[in-house]
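S.K.: 3D model of this:
(one chain, ligands or ions: 2)
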Amino acid sequence: MVNFSLEGKVALVTGASYGIGFALATAFAEAGAKIVFNDIKQELVDKGLAAYKEKGIEAHGYVCDVTNEDQVNAMVAQIAEEVGPVNILVNNAGIIKRIPMCEMTAAEFRQVIDIDLNGPFIVSKAVIPGMIKMGGGKIINICSMMSELGRETVSAYAAAKGGLKMLTRNIASEYGEYNIQCNGIGPGYIATPQTAPLRERQPDGSRHPFDSFIVAKTPAARWGTPEDLMGPAVFLASEASNFVNGHVLYVDGGILAYIGKQPQ
Ligand code: NAP
Ligand code: GCO
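M.R.: Ligands and ions are numbered 1, 2, ... in the order given. Sure thing, here's the model as predicted:
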């Protein structure tokens, strides 16, 4: 029988107090995993713990910045002691800055790269030795449409998410022989706080032009929800995907397959 169960597995989802990370961790808990997450602020961790509790999930939350190698190493050691060694890692924590490239400072560019690309490198590096000792593990990197496409104002984010796609392939290449599968999920446009500014109603009550643009650009004709990502994440975290490695699974309602509506 195909095994999608995560029974007995310890899953660390970074930046999972709310949004996509919260939905993925919830799906993992429903599939039997023990949930561990981190966030940068104590108040976010507390908010996350309360939200998991409300869903009947006993999650473990830690304050940790994914860009700080010492903090990450200490957290991974603490998780091993308090919950168990990490079997499944989701590199979800991420930020975006929407600034035209020529107006963006190098410091702003670096900050996005630091959280969205160096972060997954640092956290993966912290869990891989334990996975090797255990005989395997799963790493899922949350990529983006911007792993494939560009657009105005998101140069740093696209550079980071394009890099994350290649980091995914490289981890698969380097550690596949240890039964570690590293894959990506490339969400389309998902309704979360990160994309809220792109969906804000206009002063006259009409839809934001970007909102209408995305609905027209998506064959499914809607924004995605964090729940749309749950099934693909459980698949990539489970034994069912043991021979899938270095792949990015785009969950985008068809955006990348579509040339766009012809002018009427
Ligand atoms: P979100 O709502 O902004 O959540 C991201 C989480 O990561 C927040 O809790 C955030 O905390 C946390 N975080 C930020 N920097 C961190 C750090 N240095 N260390 C630890 N945690 C940190 O974003 P989301 O929409 O759920 O997105 C989750 C992931 O999916 C991101 O990697 C994003 O790029 C990616 N993604 C999103 C979409 C979309 O359409 N929403 C599409 C494709 C990919 P703060 O609240 O303090 O910032
Ligand atoms: C933007 C968006 C994105 C999405 C997402 C698409 O400004 O274009 O915020 O880049 O959040 O990553 O997959």
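S.K.: any idea which helix or strand comes after the top strand by length along the chain?
M.R.: In the chain, ranked by residue count with DSSP state E as the criterion, the top strand is strand 180-187. Read in the C-terminal direction, the helix or strand following strand 180-187 is helix 209-217, with elements assigned using DSSP states H and E.
S.K.: Could you check how far that following helix is from the centre of its chain?
M.R.: How far helix 209-217 lies from its chain's middle: 23 Å, per C-alpha atoms, centre = their mean, to the nearest Å.
S.K.: any idea which helix or strand comes after that helix?
M.R.: Under the assignment DSSP H and E, the closest C-terminal helix or strand after helix 209-217 is helix 230-237.
S.K.: Counting neighbours, what do you get for residue 110?
M.R.: Using other C-beta atoms under 10 Å as the criterion, residue 110 is surrounded by 12 other residues. C-beta coordinates here come from the backbone N, C-alpha and C atoms, glycine included.
S.K.: Apologies, that question was intended for residue 238.
M.R.: Applying the criterion other C-beta under 10 Å, we find 21 residues in the vicinity of residue 238.
S.K.: List the contacts of it.
M.R.: For residue 238, the contacting residues are 3, 4, 5, 6, 31, 138, taking C-beta atoms under 8 Å, 6 or more residues apart in numbering as the criterion.
S.K.: Now do the longest strand of the chain, average pLDDT.
M.R.: For strand 180-187, the mean pLDDT works out to 99.
S.K.: who does the helix or strand containing residue 172 touch, helix- and strand-wise?
M.R.: When elements are assigned from DSSP H and E, residue 172 belongs to helix 155-175. Helix 155-175 sits against helix 106-113, helix 119-134, strand 137-142, strand 180-187, with contacts defined as 3 or more C-beta pairs under 8 Å, 6 or more residues apart in numbering; DSSP states H and E.
S.K.: Go ahead and measure how far the shortest one is from the middle of the chain.
M.R.: On the basis of C-alpha atoms, centre = their mean, strand 137-142 sits 9 Å off its chain's mean C-alpha point.
S.K.: Show me the contact partners of it.
M.R.: Residues from elsewhere that reach strand 137-142, judged by C-beta under 8 Å, 6+ apart: 20-21, 86-92, 94, 120, 124, 127-128, 130-131, 164-165, 167-168, 171, 179-185, 187, 233, 236-238, 241.
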